[in-house]
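Enquirer: One predicted model, sequence on top.
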Amino acid sequence: MIRFVARRFLETIPVLFILATVTFFMMHLAPGGPFSSEKRASKEVRARMEAHYGLDKPLFQQYLLQMKHLLHGDLGPSFKYPGQTVNEIIAETFPVSAELGLEALLVALLLGLLAGMVAALKQNTFWDHFSMSLAMTGLCLPTFVMGPLLISLFALHLEWCNAEGWFFPRDRVLPALTLGAFYAAYVARLARGGLLEVLRQDFIRTAQAKGAGPARILFRHALRGGMLPVVSFLGPAIAGLLTGSFVVETIFGIPGLGRFFVTAAFNRDYFMIMGAVLFYAVFVIAMNLVVDIVLVWLNPKLRFE
Amino acid sequence: MPTPNLQPDEKSASFWQDAWHRLWKNKLAIFGLLVVIVLSLLCFLAAPLCHFVIGFSYQQQNLTLGPVGPNHTHWLGTDPLGRDLLARLLYGGQISLMIGLLATVVSLVIGVTYGAVSGFAGGKVDMVLMRSVDILYALPYTIFVILLTVFFGQNIILLFVAIGAVQWLTMARIVRGQVMAIKQQEFVEAARALGLRRRRILFRHILPNLLGPIIVFATLTLPEVMLLEAFLSFLGLGVQAPHSSWGVLIKEGAEMMEEYPWLLTYPAVAMALTLFSLNFLGDGLRDALDVRGSKD
C-alpha cells in the first residue's frame, strides 16, 4: 500500500512538469499578450512593463525562468491584479470556492444518493421514473439557467434569501444548490446503475433467503459494491467542485477561485493561467489517488491485481 | 423497421435486428428518437418554414414592435429588437445541432482512432498514449477551450472542431478497453494466422465489433457538447450575431428573465427537450446493444 502511494507520488512529478510545459507554450503561442488590451498604454510603457515582467526575453529563457520559480513554489505575479502574486490570489479565493464546493458536494451526495437508492430499490415504478426524470432535468439544464431560476423563485418571489453576495450562512444555500444539482443528477444515475448491478447478484439473494430486511440488504450488503461507480466519478468531480465554478460565482457574486480560470485565459495573465492549471491538476491527481485507494478498500477483488 | 422473419427456413434475427426489437420496446427511447428526428427536421427546414409558415426571417427586426409575448402573429413572441422568436429558435437550433454533430464526429474520430491504436498496440505504446490521456484529463478544460477559441478566432466551424478536440478523452478510454478485450478473441487470432496486416485486422475485424459502444457514446456525447456550446455562449465566445444558437438565446433570455420570461422559457425548453431525448435514446441504445462502459 505504502509502495503504491509512493509510486503514484513519484509519477506526479513528470506529469506536472509536462503539464506546465504544455501550458507554457500553448499560452505564449496564443495571439495577443497580457498588455495588448490596455489601449491607453503607449508603446514605451508597454515595452517597459513587458521588460519588468521579463516578457521581452527569448521564449525559451522565459520558460527556464518560470520553471525555476515553479520549482520553488513561486507562481509569480499577476498582470491583471498588480501588486498581488498568484499565490496570494489563490490563498485568498480558494477557501471560498472550497467551502462552496463542499456544500455543493453535500447537496450532490444527499440528493443524488437518496434519489439513486429509491430508484434502484423501486426499479420501474413511479418513484424510479420520477427520480430519474428529475436527475435528467438536472443534467439537461445549463447552470446559468438553473441559477437565475432559483434566484427568481427563492430570492425575488419568496424572499427567503438574498439574490447575491457571500456574507451570511443563508447566502450559501442557492449557490450550493445550483452548483450541486448537476453533480446530484450524475450521482443519482450512477448510484442507481451501480446498485441495480449489485442487487442482481447471488449473494443478495442469499441474504434475502436468510431473511435480511430490505434496509439491511441495502446498507450492509449492496451499498458497498453499488457505490463503486459513484466513487470513481467523485474523484474528478470533487476536484472540479472545490476549485470553483465560473458560472455560479458570476451569477451569485461570489469571490471564489473559479472565475480566474476564465478571466486569466481571457486576459492572457500568463502566471495566473499557469497557477490555475497546476493548482487544478494537483487537485485532480490527488483526488484520483484517493479514489483509487477507496476503490481498493471497497472492492477487495482489486487487491490481488 | 425490418419485418420479423416468420419462415422457419430463414436464418435467425441478426444482432442488429435483435437490438432494434429491444429498443422498440423501450418507449422512452423511441419517444426520444422521434423527438430528435422531428426537431432536427424542423430546424433544418428553418428557411422554408420561416418563409412560408412563420412569415418572418430570423434577422428581420421590428423596433417599433419591440418585445411582445406569444400571440397570433408571433407564436412564441419577439425579442427586444422585435425579431420573431420562433424563427430565431429554428435557426439557432440548426446551428446548435450542427455544432453538436460536428464536434461529436470530431471527438469520435480522434477518440476511436487513438483508443483503438492504443489498445491494439499494447505494451509501451499503450502506456505512453494512456498516460497522455491521464495528463490531459488533469487540464482545466475551460482555459484550453478559451485559448483554442483565441487561436481559431470566432469562426464557427473551427469552434466546433476545437470543442470536439477537447471531448475525445473518455471515448479513447472506452474504445481502448473494448479493443483490448476483443483482441484476445479467437477470430482475431484466426485473422492473424491468415497473415492479414495489423491495420487490416484493426479496422476490418476489430473496429466493426465496437459499433455498439461507439453509437451509444456518440449519442451521449452530443448533449454534452451542446451544453458546452451553451457554456461558451455564456462566456460570450459562442456564435456571433446576427447568427444565434440555443446557447446564445438561452443566455440572452436568462438576462431578461424577469421582464420577458418567454425569451428564456422557449429556448430552454427546446434545448432541454433535445438533451432529454438524446439522453433517453442513448440510455435505451445502451440497454438494447448491451453496452457496458464507464458512464453508468
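Expert: Sure thing, it's come through.
Enquirer: For the one helix or strand residue A:4 maps to, list every residue counted as buried.
Expert: Assigned by DSSP states H and E, residue A:4 belongs to helix A:2-29. Using 16 or more other C-beta atoms under 10 Å in any protein chain shown as the test for burial, helix A:2-29 gives A:12, A:15-16, A:18-20, A:23-24, A:26-27. The C-beta positions use only the backbone N, C-alpha and C, and glycine is treated the same way.
Enquirer: swap in stretch A:148-166?
Expert: Within stretch A:148-166, the residues that count as buried by 16+ other C-beta under 10 Å are A:148-152, A:154-155, A:161-163, A:166.
Enquirer: pLDDT of that stretch, averaged?
Expert: Mean pLDDT, stretch A:148-166: 78.
Enquirer: Spell out which parts of the stretch 101-250 of chain B neighbour chain A.
Expert: Residues of the stretch 101-250 of chain B lying close to chain A (C-beta under 8 Å from any C-beta of the partner chain) are B:131, B:134-135, B:137-140, B:142-144, B:146-147, B:150-151, B:223, B:227, B:230-231, B:234-235, B:247, B:250.
Enquirer: I'd like to know which of those residues are buried.
Expert: Neighbour counting over those (16+ other C-beta under 10 Å) leaves B:135, B:137-140, B:142-144, B:146-147, B:150, B:223, B:227, B:230-231, B:234-235, B:247, B:250 as the buried ones.
Enquirer: Select from these every entry located in helices.
Expert: Of these, the ones assigned to helices by DSSP state H are B:135, B:137, B:142-144, B:146-147, B:150, B:223, B:227, B:230-231, B:234, B:247, B:250.
Enquirer: and these, which two are the farthest apart?
Expert: B:135 and B:250 (33.3 Å; C-beta to C-beta).
Enquirer: Tell me the one of the buried residues of stretch A:148-166 nearest residue A:65?
Expert: residue A:166 (36.6 Å).
Enquirer: Assign the closest one to helix, strand or coil.
Expert: Assigned with DSSP: H, G, I helix; E, B strand; the rest coil, residue A:166 falls in the coil class.
Enquirer: so what's it up against?
Expert: For residue A:166, the contact set (C-beta atoms under 8 Å, 6 or more residues apart in numbering or on different chains) comprises A:96, A:172, A:175, A:252-255.
Enquirer: Around chain B, pick out the residues from the stretch 201-305 of chain A.
Expert: Residues of the stretch 201-305 of chain A found near chain B (C-beta under 8 Å from any C-beta) are A:229, A:232, A:236, A:243, A:246-247, A:261-262, A:264-266, A:273, A:276-277, A:280-281, A:284-285.
Enquirer: just the stretch 1-150 of chain A next, same as before
Expert: Counting by C-beta under 8 Å from any C-beta, the stretch 1-150 of chain A comes close to chain B at A:15, A:18-19, A:22-23, A:26-27, A:29-32, A:136-137, A:139-145, A:148-149.
Enquirer: Among the buried residues of stretch A:148-166, which lie within helices?
Expert: A:148-150.
Enquirer: The helix or strand following the helix holding residue A:4 - contacts with which helices or strands?
Expert: Proceeding N to C from helix A:2-29, the next assigned helix or strand is helix A:43-52, under DSSP H and E. In this structure, helix A:43-52 packs against no helix or strand, with contacts taken as 3 or more C-beta pairs under 8 Å, 6 or more residues apart in numbering or on different chains; DSSP states H and E.
Enquirer: which element follows helix A:43-52 toward the C-terminus?
Expert: Downstream of helix A:43-52 (by DSSP H and E), the next one is helix A:59-71.
Enquirer: Please pull out the lowest mean pLDDT helix or strand from chain A.
Expert: In chain A, the helix or strand scored least confidently by mean pLDDT, DSSP states H and E is helix A:43-52, which has a mean of 72.
Enquirer: Buried by neighbour count: which residues of it qualify?
Expert: Quick answer for helix A:43-52 (16+ other C-beta under 10 Å): A:46, A:49-50.
Enquirer: Which strand or helix spans residue B:164?
Expert: If you go by DSSP H and E, residue B:164 is part of helix B:156-165.
Enquirer: Tell me where the chain has strands.
Expert: Since you didn't name a chain, this refers to chain A. With DSSP state E, there are no strands along chain A.
Enquirer: that's the wrong chain, I meant chain B
Expert: Under DSSP E, chain B gives no strands.
Enquirer: For it, which residues score under the pLDDT cut-off?
Expert: B:1-12, B:51, B:53-55, B:63, B:65-66, B:74, B:82, B:153-154, B:290-296 (pLDDT under 70).
Enquirer: Done for today, thanks.
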